[in-house]
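# Pasted the sequence and its predicted model underneath.
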Amino acid sequence: MDKLIKDSIQENKERFLEELFDLIRIPSVSAHSHRKDEIRQCAEKWQELLLKAGVDNSMIMETAGNPVVFATKYIDSQYPTILVYGHYDVMPAEPLDLWVSNPFEPEIRDGKIFARGADDDKGQSFMHAKAFEILMKNDLLKSNVKFLLEGEEEISSPSLEEFCLKNKELLACDVVLVSDTSMLSADLPSITTGLRGLAYWQIEVTSASRDLHSGIFGGAVANPINELAKIIAQLTNSDGQIAIPGFYDDVEEVSDYERSLIAQIPFNEEEYKKNLDIKDVFGEVGYTTLERTGIRPTLDICGIWGGYTGEGAKTVLPSKAFAKLSTRLVPHQQYEKIAKLVEDYIKSITPIYIDIKVVSLHGAQSYVCPIDSVEYKAAERAYEKVFGKKPLPVRRGGSIGVVPIFEQVLNVKPILMGFGLESDAIHSPNENFPLDLFYKGIETIANFYLELQKK
């Protein structure tokens with residue numbers, strides 16, 4: 001069967017690429033409201049691709065926002081049901097002048113596909129369709145399969161939870177497969193076993209009702225930028241810890257065993273600093289860099305603005321100052337609870353001579369996948385078969401909001417079978433995806449089905 005899968009990939013590799021390129025050429029940017037036609041066009045292309053791959057039916061289903069594509073293949077009730085999740089929307093390509101080639105006209109250079117969506121997530125989602133197609137055409141599929149492709153992941157999936165709640169029976173499954181993450185390196189496979197949650201706010205500080213002359217009013221009226229800076233300074237301490245009372249109350253303390261697994265991950269801190277062009281790393285005292293970015297919560301100012309920032313001088317005491325604030329959360333921290341905790345603390349340290357508004361923008365729960373489940377072990381064996389090495393379990397610092405939604409609504413543990421690399425520049429100019437990993441990804445996913453069938 002291994003040779004059959006490899007031969008099928010080899011025989012169809014050029015067709016697979018051209019079909020992927022047709023998807024990539026559609027600029028399905030969910031952040032751009034004028035791209036609604038392209039969003040619909042991309043959903044229709046996915047519907048067509050899945051029908052050609054061999055599903056029984058494929059449909060476009062409406063949501064409160066962009067549509068989802070849902071498809072099914074039913075084999076037998078005695079077989080497990082796998083739900084494949086992916087997203088067909090992409091990040092904006094701007095700044096366009098930093099791209100070497102047209103972001104929506106895929107180009108192969110240096111053994112990589114360069115285009116917006118090459119990795120995130122058109123390339124990775126597409127691998128699932130092709131693995132399914134190979135299994136179908138070679139009569140190897142012994143699982144029921146459902147596909148769910150959404151068009152709002154890059155804007156935090158605002159419509160997906162409601163869709164899942166309304167269609168819980170339709171989406172019922174034994175496991176969810178997601179390929180929207182990365183591996184440690186091309187020759188060191190890994191499976192993402194944890195994602196941090198997220199809470200995000202915008203802060204607005206107001207002093208006077210209008211901008212004031214800094215010479216006439218300075219020293220008599222509070223400067224909102226100065227006051228905002230003071231507030232921000234009280235959110236963390238010099239040891240890299242978050243200073244908000246109660247913030248760590250629900251933080252999971254990771255076992256010594258799992259910390260020992262993290263320690264096995266190859267990591268060169270000097271190379272890390274060199275690649276980022278930083279003098280040194282900084283974070284919570286008592287934890288390594290990999291632990292800080294995977295198993296510990298963080299708080300960061302993502303943006304700050306106010307006053308005059310144009311050319312030359314303008315002696316102004318601004319009326320308002322703004323900041324955007326985010327936290328990354330670990331298991332057992334509920335983002336709704338943290339959102340209120342942070343808001344209450346900020347207001348409690350705000351002096352009476354200014355007004356402050358703290359608005360929660362969005363959030364997501366964290367996620368942890370057990371590494372001893374039948375499904376995880378099947379994924380582990382599939383990676384080992386294709387890459388020749390047992391994949392390491394890795395907790396990642398980012399958030400994928402839909403993953404905990406699946407866990408909560410469908411009561412299943414998603415398996416995060418990612419094949420990207422950190423060097424793929426997702427969300428950035430010149431996004432790319434190595435051809436070798438594209439084909440290995442198809443092979444690994446196909447082998448996951450075969451390994452799961454062995455149970």
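Okay, I see it.
# Return the set of buried residues in stretch 86-95.
Buried residues in stretch 86-95, counting neighbours by 16 or more other CB atoms under 10 Å, are found at 86-93. Using the backbone N, CA and C atoms, a C-beta is placed for each residue, glycine as well.
# end to end, how far does it reach?
End-to-end distance for stretch 86-95: 25 Å, by CA to CA, to the nearest Å.
# For it, which outside residues touch it?
By CB atoms under 8 Å, 6 or more residues apart in numbering, the list of residues contacting stretch 86-95 from outside reads 23, 27-32, 39, 42-43, 46, 66, 69, 99, 103-104, 116-117, 120-122, 124-125, 128, 147-155, 157, 178-180, 426-427, 429.
# can we see that at 7 Å?
Here stretch 86-95 makes contact (CB atoms under 7 Å, 6 or more residues apart in numbering) with 28-32, 39, 42-43, 46, 66, 99, 103, 116-117, 121-122, 124-125, 128, 149-154, 179, 427, 429.
# Which ones among those lie within helices?
39, 42-43, 46, 122, 124-125, 128 (DSSP state H).
# Looking at these, which is nearest Thr192?
Gln124 (12.2 Å; CB to CB).
# Surely that closest one touches Met417?
No: the criterion here is CB atoms under 7 Å, and Gln124 misses it with Met417 at 8.8 Å.
# more crowded one of these two?
Gln124 (29 against 26; other CB atoms under 10 Å).
# Apart from its neighbours in sequence, what residue is nearest that one?
Counting by CB to CB, 6 or more residues apart in numbering, the nearest residue to Gln124 once its immediate chain neighbours are dropped is Ser179, at 3.9 Å.
# that older thread, filter the contacts of stretch 86-95 to the buried ones?
Of the contacts of stretch 86-95, these count as buried by 16+ other CB under 10 Å: 28-30, 39, 42-43, 46, 66, 99, 103, 116-117, 121-122, 124-125, 128, 149-154, 179, 429.
# Show me which residues of the lengthiest helix in the chain are buried.
Counting by DSSP H, the longest helix found in the chain is helix 2-24. By 16+ other CB under 10 Å, the buried positions in helix 2-24 come out as 5-6, 8-9, 12, 16-17, 19-21, 23-24.
# May I see those residues organised as CSV, with pLDDT added?
Output for these, formatted as CSV (pLDDT from 0 to 100):
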residue, pLDDT
Ile5, 97
Lys6, 96
Ser8, 97
Ile9, 98
Asn12, 98
Phe16, 98
Leu17, 98
Glu19, 98
Leu20, 98
Phe21, 98
Leu23, 98
Ile24, 98
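# which one among those residues gets closest to Tyr449?
Ile5 (10.0 Å).
# Show the contacting residues for the residue nearest to Gln124.
So Ser179 contacts 86, 124-125, 127-128, 417-419, 441 (CB under 7 Å, 6+ apart).
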